[in-house]
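Asks: would you be able to build a 3D model of this:
(chains A and B)
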2 protein chains.
Amino acid sequence: MRPGLTRPDPADPRPPEDNSGEDFVPPRELFDQVLDAIEAGDQDRLDTLLEPMHAADVADVIENLSPARRRQFLTLWSGEIDGDILSEIDEAIRDEVVLQLPRSVLADAVREMDSDDIVDLIEDLDEPEQREVLAALDDSDRAAVEQSLTYPEYSAGRMMQSEVVTAPEHWTVGDAIDHLRNEDDLPDQFYHVVLVDPRRRPLGYVALGRLLSSPRTAMLRDITEDSFRPISALAKEADVAYAFNQYHLISEPVVDEHDRLVGVITIDDAMEVLDDEHEEDILLLAGVSEESSIADSVVETVRQRAPWLTVNIFTALMAATVISLFEGAIARLVALAVLMPIVASMGGNAGTQTLTVVVRGLATKSLTTANTWRIIRREAVVGMVNGAMFAVMMGAVAYIWFRDPGLSAVIAVAMVVNLTVAAVGGVLVPLTLNKLGADPALASPTFVTTVTDVVGFFAFLGMAQSFLL
Amino acid sequence: MRPGLTRPDPADPRPPEDNSGEDFVPPRELFDQVLDAIEAGDQDRLDTLLEPMHAADVADVIENLSPARRRQFLTLWSGEIDGDILSEIDEAIRDEVVLQLPRSVLADAVREMDSDDIVDLIEDLDEPEQREVLAALDDSDRAAVEQSLTYPEYSAGRMMQSEVVTAPEHWTVGDAIDHLRNEDDLPDQFYHVVLVDPRRRPLGYVALGRLLSSPRTAMLRDITEDSFRPISALAKEADVAYAFNQYHLISEPVVDEHDRLVGVITIDDAMEVLDDEHEEDILLLAGVSEESSIADSVVETVRQRAPWLTVNIFTALMAATVISLFEGAIARLVALAVLMPIVASMGGNAGTQTLTVVVRGLATKSLTTANTWRIIRREAVVGMVNGAMFAVMMGAVAYIWFRDPGLSAVIAVAMVVNLTVAAVGGVLVPLTLNKLGADPALASPTFVTTVTDVVGFFAFLGMAQSFLL
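Replies: Residues are numbered from 1 along each chain as shown, chains lettered A, B, ... in the order given. Reported below is the predicted structural model:
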């Protein structure tokens, strides 16, 4: 089963094609053509352009339109929006799109969606639209969606789809295959047959590859996989994503509090959650709301950015207050005003480095209670070593610049103090936030840079006032 | 096939179990017990503790040990390290582990690994160890690994495994099932049967669920999936991960430059690349080397952190130089020294917000040539709006503090200028770096904060000097 090995000349190493991945996104011209067709009100042309595209790419086109163009587009083409496209559209604009869809189109779209995608859609809608979507579903789908919605947001119960392929544990491979051939309501994609007892408690699962390669007479219970790890419907989605990544899972059954099978989570959903979690971390670290999207309007964007800038103005005022304590010293030695931002900036950057590593360590569960002390010690030592290195460098620069050995010594010592404090703060702040149940990415940068600004200014200006004046 | 719907009481919404996902990581006590067993040199106890654990968790335990303990551990337990554990161990310490493994253990371990995992292992090893691993493989595995290694690092050719399940296009479902039942060298996990022509060019694939639910007489070519998207072995791994995520792929065939099948990439490998890419972005944005790991030593960590701090000291010196141009003004009006860090800090934060959104937009391909102008305009307007808001706020604070309407006006105008520059810089810097082929996450924060520091100090101190003194 191994492919024919065509061995290229090793003396001719070929670099990856550097087309910036343009192969994987629809070309710019296509977007321009869609714009032209919208302006011309040309429905047929839109069909020709968008029909061959993957639903995910059509959703991207819709997201990239300006709000006014998007309204025009939906007037022309909303009849063609199906369940696949709808589930791909970014949450930031999905309400807007749903509101503009003719009710019959929306009903058709949701009827063809998997229950997890419907749940994902319905969560973001207002009450009247929610009711409308639920009314469009057939009874068993509605029951499945309503069950999912009884579980808390961001839980496995919300991630799962209720469509599961099950078999009684006494079945043979032949029984399972015959059953699958006769069943016409199978999920679009499935990777395991889950063995259940008479009370629907999952007992194990059989991978489809194993099912296909085993004799018809083999018992299902004899060919189950080791990886089987049923997930509680109450588990947090971030933990589910972690488990999929850590244990290379492909699909796992979800059970309720009585250990009964209620659904299944597949790796593509886990991958999406992992992606969202990363996105959230990176945006929170930069002080941007985790709901931010490239499709947001100006008003939306201001609303997402202003809160953290407001927090920052207060912390900056704290630092300014520290400086004001030393106005007299600065008036007598203006070089202090010139050099003080360097100490603060180095502390801020060293602190950001450490806290980012710690936040990531927590997110990937590689930073655990088992190695916390080792990391605190390591970061403190790294802070001191870096502090010493940059103290020498900055001391030399300050001496060359101002020819004042006292000033040079003060900035050097302030550097060691601030980089050590930055390192320790960079570990302790996110760890403490995490212990308190807050997202360590959210407030860490603010706290840590406030600490390094205050300590940096205080150490530098305080020592200068005590020893130089 | 729908599960029995056990509907919990909706009046009793249950929050996600907040155990910080401890269910998904081995408990702390277990780690302590492993430590005790290592100290006692108790091999049997190690067996009892580690035997039932998943390979990924064993690898985590090994990573969490201090370097000295790890050496002791390997002396005791290296005989038990198998291919699964070896492929899970973090790259930061894998060399170290490989060097300590008895040669026969290493040979056994690699023989049971999939070709993609062997490639991943071998890439990081030094020449002599590479040869040793290759020598341990049987001929067909060695050929497969050597072929992968002819492709550039970070290409699809390095990600793929060569074990693919193929079928001629004229086969029926029955032919495929009989073939699978008779084949005893099947991959551990597979999700499709790939149809190939006589020259091994892939023509389509059949999902296993579809194969199982179709009658034996059905032609494979009639039940292929729409999602089929063969990947060039030269494609960049980041683009492959993007495609898996965007199009919800589960496994895709990889083809060489003659369109011949050379391997297959599965979603778990794509998920790992996506994870690594995110990790890299978040660490680069914080000025930390992307190779950083929680398992690194102090020396390693200093080496990863110092370069960016060195860059930062130079940029901080540039900002200090700007301040030094206005020493006279500061000496006459010390309030300037008190307030100037606020302008710079607000600019730095606003710039970081924008650049993070842009870097993420580029990484997720949601920022494309099609919407670049819209984003530049949006960010500029957002910068001005935020600038105006915080100008009013800061103007008021400055007036209350220093009772100087001129100073108040100057800081207000400087705020608008700096927040607008921050927004525009926050978009243009990463876009330009991306155009030049550099990683936009790498140098963006340095460039942008340098711009906002310099502009912030210049605008504020320059206007103060011109209008207030």
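Asks: ok, and what's touching the least confident helix or strand in chain A by mean pLDDT?
Replies: Least confident helix or strand of chain A, by mean pLDDT, DSSP states H and E, is helix A:91-100 with a mean of 85. Applying Cβ atoms under 8 Å, 6 or more residues apart in numbering or on different chains, the external contacts of helix A:91-100 come out as A:62-63, A:67, A:70-71, A:74-75, A:78, A:81, A:86, A:89, A:106, A:121, A:124-126, A:129, A:291, A:293, A:295-296, A:300. From N, CA and C alone the C-beta is placed, and that goes for glycine too.
Asks: in helices only, show me these.
Replies: Members of those lying in helices (criterion: DSSP state H): A:Ile62, A:Glu63, A:Pro67, A:Arg70, A:Arg71, A:Leu74, A:Thr75, A:Leu86, A:Leu106, A:Leu121, A:Glu129, A:Glu300.
Asks: my guess is A:Ala329 contacts A:Ser466. True?
Replies: No. A:Ala329 is beyond contact range of A:Ser466, at 9.4 Å (criterion: Cβ atoms under 8 Å).
Asks: which one of these two is surrounded by more residues?
Replies: A:Ala329 (19 against 10; other Cβ atoms under 10 Å in any protein chain shown).
Asks: tell me the pLDDT of the more buried one.
Replies: pLDDT recorded at A:Ala329 is 96.
Asks: again with A:Pro15
Replies: 40.
Asks: thinking again about what came up before, among the ones in helices among the contacts of helix A:91-100, which pair sits farthest apart?
Replies: With Cβ to Cβ as the measure, no two of the ones in helices among the contacts of helix A:91-100 lie farther apart than A:Leu106 and A:Glu300, at 23.7 Å.
Asks: which of those two has more neighbours?
Replies: Legend: neighbour count by other Cβ under 10 Å for A:Leu106 and A:Glu300, higher for A:Leu106 (23 against 17).
Asks: how far away is the more buried one from B:Val397?
Replies: 50 Å (Cβ to Cβ, to the nearest Å).
Asks: over to A:Ser213?
Replies: For A:Ser213, the distance to B:Val397 - Cβ to Cβ - is 73 Å.
Asks: just the strands from chain A, written as ranges.
Replies: A:166-168, A:192-196, A:202-207, A:231-232, A:251-255, A:261-266 (DSSP state E).
Asks: of those, which approaches A:Asp44 most closely?
Replies: strand A:261-266 (37.1 Å).
Asks: check whether that closest one contacts chain B.
Replies: Yes. Contact of strand A:261-266 with chain B (Cβ under 8 Å from any Cβ of the partner chain) involves A:Leu261, A:Val262, A:Gly263.
Asks: now the angle from that strand to strand A:202-207?
Replies: If you take axes from the mean of the first three to the mean of the last three Cα atoms, to 10 degrees, strand A:261-266 sits at 30 degrees to strand A:202-207.
Asks: check which helices and strands strand A:261-266 sits against.
Replies: helix A:139-150, helix A:156-159, strand A:192-196, strand A:251-255 (3 or more Cβ pairs under 8 Å, 6 or more residues apart in numbering or on different chains; DSSP states H and E).
Asks: what mean pLDDT does it get?
Replies: 96.
Asks: what about that strand, distance to the chain center?
Replies: Centre-to-centre, strand A:261-266 and its host chain are 22 Å apart (Cα atoms, centre = their mean, to the nearest Å).
Asks: re earlier: buried ones from the contacts of helix A:91-100, can you make that a ChimeraX selection?
Replies: Buried residues within those, by 16 or more other Cβ atoms under 10 Å in any protein chain shown, are selected in ChimeraX with:
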select /A:62,63,70,74,81,86,89,106,121,125,129,293,295,296,300
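Asks: and chain B, which of the contacts of helix A:91-100 contact it?
Replies: A:Glu63, A:Ser293, A:Ala295, A:Asp296.
Asks: chain B: which of the helices and strands packed on strand A:261-266 is closest?
Replies: Nearest to chain B, of all the helices and strands packed on strand A:261-266, is helix A:139-150, at 5.1 Å by Cβ to the nearest Cβ.
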